[in-house]
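Engineer: Below are the sequence and a predicted model for it; my questions follow.
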Amino acid sequence: MRVHLDENWSETLRRFPENGMGHQRVDVLLRGGRKVKDVLVFNAEEMEWPDDRPVRSGDIDEMAPSD
């Protein structure tokens, strides 16, 4: 499922390194404490959410570059 990210997350992602041409891999911490590792983001705007449970940009508490 693709999730369109709010501009504030796009600004944050633009400061992170790219893992390839136009994409990044990030770890996402959701409100409530759930952490999802190695999530693919395209052009700092669209996140490829790997889980069946829906998520919105507003559900995200924090993002960090994946190791």
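Structural biologist: Thanks, I have the structure now.
Engineer: So in that sheet, which strands flank whatever helix or strand Glu62 lives in, and in what orientation?
Structural biologist: Assignment of secondary structure by DSSP states H and E places Glu62 within strand 60-65. The strands beside strand 60-65 in its sheet (DSSP bridges) come out as strand 23-30 (antiparallel).
Engineer: Could you list the buried residues of the next helix or strand after the partner strand?
Structural biologist: Next in sequence after strand 23-30, counting helices and strands by DSSP H and E, comes strand 35-42. By neighbour count on 16 or more other CB atoms under 10 Å, the buried set for strand 35-42 is Val36, Val39, Leu40, Val41. C-beta here means a position set from N, CA and C on the backbone, and glycine is covered the same way.
Engineer: and strand 35-42, which strands flank it?
Structural biologist: The sheet places strand 35-42 alongside strand 23-30 (antiparallel), strand 46-48 (antiparallel), with pairing taken from DSSP bridges.
Engineer: Asp59: which of these is closest?
Structural biologist: Evaluated over those, closeness to Asp59 peaks at strand 23-30, with 5.3 Å, by CB to CB.
Engineer: Please work out the average pLDDT along the closest one.
Structural biologist: Averaging pLDDT along strand 23-30 yields 97.
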